[in-house]
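A.B. asks: attaching a predicted model along with its sequence, questions to come.
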Amino acid sequence: MDRATACNSRHVNGRGNYVLYWMTCYRRRYFNFALERAVFWATELRKPLLILEALACDYPWASERLHTSVMEGMHDNLGTFEHSPAAYYPYVEPSPGAGRAVFSSLAKRACLVVTDDFPAFVIPRWIETVATHADVLVEKVDSNGLYPMRATDRIFLTARSFRTYLKKSTPSFPVPDPLEGIDLPHMRKPNRLSRKLPPIPPCVPRDVRPVPRLKGGVNAARKNLRKFIRSDMKSSGLSPYLHFGHISSHEIYGEVTKARRRDSEHFLDELITWRELGFNMCALERDYDKYAALPGWARKTLASHARDKRPVIYTPDQLENADTHDAVWNASQDELITTGRIRNRLRMLWGKKILEWSATPQEALDVMIHLNNKYALDGRDPNSYSGIFWVLGRYDRPWGPERPIFGLVRYMSSASTAKKLKAESRNA
DNA sequence: ATCGGCTCGCGCAA
DNA sequence: TGCGCGAAGCCGAT
């Protein structure tokens, strides 16, 4: 299986009480290779399966908004795992650090730990810490996309070459429901765990409000998928669900293909080529979120314009508060703050202007990462980093004429973006 | 409304 | 070695 990776060289403890699935990113029952793997181990060892869906409270950019989405997903999962052969427990960390003790006491009694292999944000560090301290085997499993992200060690620099590579590879699919028809021993409720969801802990910052119109969880995800396929196939709105793992790209691919719509090609390219291109970068490039990982031509051309006079410079605070002279840009930043998303076309303009209005490209990068991770429901994801770095030249090519600040990095203007948006809404 | 040129990396044909 | 082509553009010429 090219989706499972051992994270330490410890052994499976056949005398453990259960197999522990530490669910951190694929927060779902269905189409989940990691859960499938955990079920395999539990069956093999004839042990109960304990699923711990964990939510920390002190990771960077933790907010009421993100907690709400994840906990809505937990609420759905309480339903989906009810009457299943596995023991499912949501765990919402009540205060900073509390989760460590709970996790390590659970891991002590486990035969092994299976967890989600996610290549970005804090997850790789968490897995490393746990793998170092655990007394048993820790396995991470890749259920991110149709193609295993570690099947190659080549970092792809253009979508075109990645597309050609994918055409030559074979996608692999998890079973729709890994718990169907499975018989496992039952287990007693572990201490300190409960099937009830607590309120959002007081330590979670309240400054980024939830988005009631965009409910998290597998039920809302599937509802949105059905609606998307029934309608125009233009903007799916599925990226927050993909990010939290409330739905898998395998299921989306399956449903879209089943519908046999002729206009689905663009969407599938976005879902597969572009989405998995981002996972390829994060999985294989250690510095995926650092300025230094930009392509050489982009760094070179931006450097040669580093000392260009900026007609306007806004501070990170002014940008965050949507306090610029540009109405189109302010609207996109407002949209990000209130809805947790920016529409596709505006998203790129949003970044290009941050580059134009920051003292240096490095500062622009910092601001983009901060604002996107803080407010976007689908932030902190390989795809976010693709979008942000695209602004600075990643996956793009040079475009003349050479301009101030941008050099040969593609430029965008608010006026023509606004014009295109208007034309699009007229056609709709 | 549509077209080419701006410029680089990659894959493929030769 | 050369050629065509590429997520989201812009600008000026027709």
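C.D. replies: Looks like it arrived, so ask away. Numbering: from 1, shown residues only, chains lettered A, B, ... in the order given.
A.B. asks: which single residue of the stretch 301-428 of chain A ends up nearest DNA strand B?
C.D. replies: A:G400 (2.3 Å; C-beta to the nearest atom of the strand). Any C-beta I mention is one placed from the backbone N, CA and C, and that applies to glycine too.
A.B. asks: what sits closest to the residue at the greatest distance from the centre of chain A if chain neighbours are left out?
C.D. replies: The outermost residue of chain A relative to its centre, with distances by C-alpha atoms, centre = their mean, is A:K309 at 36.5 Å. What sits nearest to A:K309 in space, not counting adjacent residues and going by C-beta to C-beta, 6 or more residues apart in numbering, is A:P404, at 7.4 Å.
A.B. asks: on that earlier part again, looks to me like the residue of the stretch 301-428 of chain A closest to DNA strand B is in a strand.
C.D. replies: No: read with DSSP: H, G, I helix; E, B strand; the rest coil, A:G400 is coil and lies in no strand.
A.B. asks: quick check: closest non-adjacent residue to it.
C.D. replies: Once flanking residues are discounted, A:G400 sits nearest to A:L408: 6.6 Å by C-beta to C-beta, 6+ apart.
A.B. asks: do A:L371 as well
C.D. replies: A:E320 (6.2 Å).
A.B. asks: and A:T417, how far from A:I388?
C.D. replies: 17 Å (C-beta to C-beta, to the nearest Å).
A.B. asks: who has more neighbours, those two?
C.D. replies: Using other C-beta atoms under 10 Å as the criterion, A:T417 and A:I388 rank with A:I388 on top: 24 against 20.
A.B. asks: list the contacts for that one?
C.D. replies: When contacts are counted by C-beta atoms under 8 Å, 6 or more residues apart in numbering, A:I388 touches A:351, A:365, A:368-369, A:372.
A.B. asks: that one in helix, strand or coil?
C.D. replies: Going by three-state DSSP: A:I388 is helix.
A.B. asks: sorry, back to before: wait, the residue nearest to A:L371 sits on A:I354?
C.D. replies: No: counting by C-beta atoms under 8 Å, A:E320 sits too far from A:I354 to count as a contact (10.7 Å).
A.B. asks: these two: which is more packed in?
C.D. replies: A side-by-side neighbour count of A:E320 and A:I354, using other C-beta under 10 Å, places A:I354 first with 25 against 17.
A.B. asks: residues from chain A in reach of DNA strand C?
C.D. replies: Proximity of chain A to DNA strand C (C-beta under 7 Å from any atom of the strand) is limited to residues A:158-160, A:163, A:270, A:274, A:344-345, A:347-348, A:386-387, A:390, A:395-397, A:399-401, A:410-413, A:416-417, A:420.
A.B. asks: now, of those, which are buried?
C.D. replies: A:274, A:345, A:347-348, A:386-387, A:390, A:395-396, A:410-412, A:417 (16 or more other C-beta atoms under 10 Å).
A.B. asks: how is A:A54 assigned, secondary-structure-wise?
C.D. replies: Reduced to three states by three-state DSSP, A:A54 is strand.
A.B. asks: residue contacts, it?
C.D. replies: A:22-24, A:91, A:93, A:99, A:103.
A.B. asks: which of those residues fall in strands?
C.D. replies: A:22-23, A:91 (DSSP state E).
A.B. asks: tell me the one of these nearest DNA strand C?
C.D. replies: Of the ones in strands among the contacts of A:A54, the one sitting nearest to DNA strand C (C-beta to the nearest atom of the strand) turns out to be A:M23, at 27.5 Å.
A.B. asks: ok, that closest one - contacts?
C.D. replies: A:34-35, A:51-54, A:115-116.
A.B. asks: rerun at 7 Å
C.D. replies: Counting by C-beta atoms under 7 Å, 6 or more residues apart in numbering, A:M23 makes contact with A:51-54, A:116.
A.B. asks: between those residues, which sits nearest A:R192?
C.D. replies: Of all these, A:L52 has the smallest distance to A:R192: 11.0 Å, by C-beta to C-beta.
A.B. asks: thought that closest one was touching A:W22?
C.D. replies: Yes: the criterion here is C-beta atoms under 7 Å, and A:L52 meets it with A:W22 at 5.5 Å.
A.B. asks: just for chain A, where's the confidence low?
C.D. replies: A:1, A:427-428 (pLDDT under 70).
A.B. asks: how many neighbours does A:V175 have?
C.D. replies: Count around A:V175 with other C-beta under 10 Å applied: 15.
A.B. asks: excluding its backbone neighbours, what's nearest it?
C.D. replies: A:E36 (6.0 Å).
A.B. asks: and for A:V12?
C.D. replies: Nearest one to A:V12, counting by C-beta to C-beta, 6+ apart, is A:L112 at 4.8 Å.
A.B. asks: how much space is there between the residue in the stretch 101-250 of chain A positioned nearest to DNA strand B and A:T152?
C.D. replies: Closest contact between the stretch 101-250 of chain A and DNA strand B, by C-beta to the nearest atom of the strand, is at A:S161 (3.4 Å). Distance, A:S161 to A:T152, by C-beta to C-beta: 11 Å.
A.B. asks: these two: which is more packed in?
C.D. replies: Neighbours per residue (other C-beta under 10 Å) separate A:S161 from A:T152, with A:T152 holding more: 15 against 12.
A.B. asks: so that one, which state does it fall into?
C.D. replies: When the rule is three-state DSSP, A:T152 gets the label coil.
A.B. asks: how about it, what does it touch?
C.D. replies: Per C-beta under 7 Å, 6+ apart, neighbours of A:T152: none.
A.B. asks: quick one, phi psi at it?
C.D. replies: Dihedral pair for A:T152: phi -130, psi 160, per degrees, to the nearest 10.
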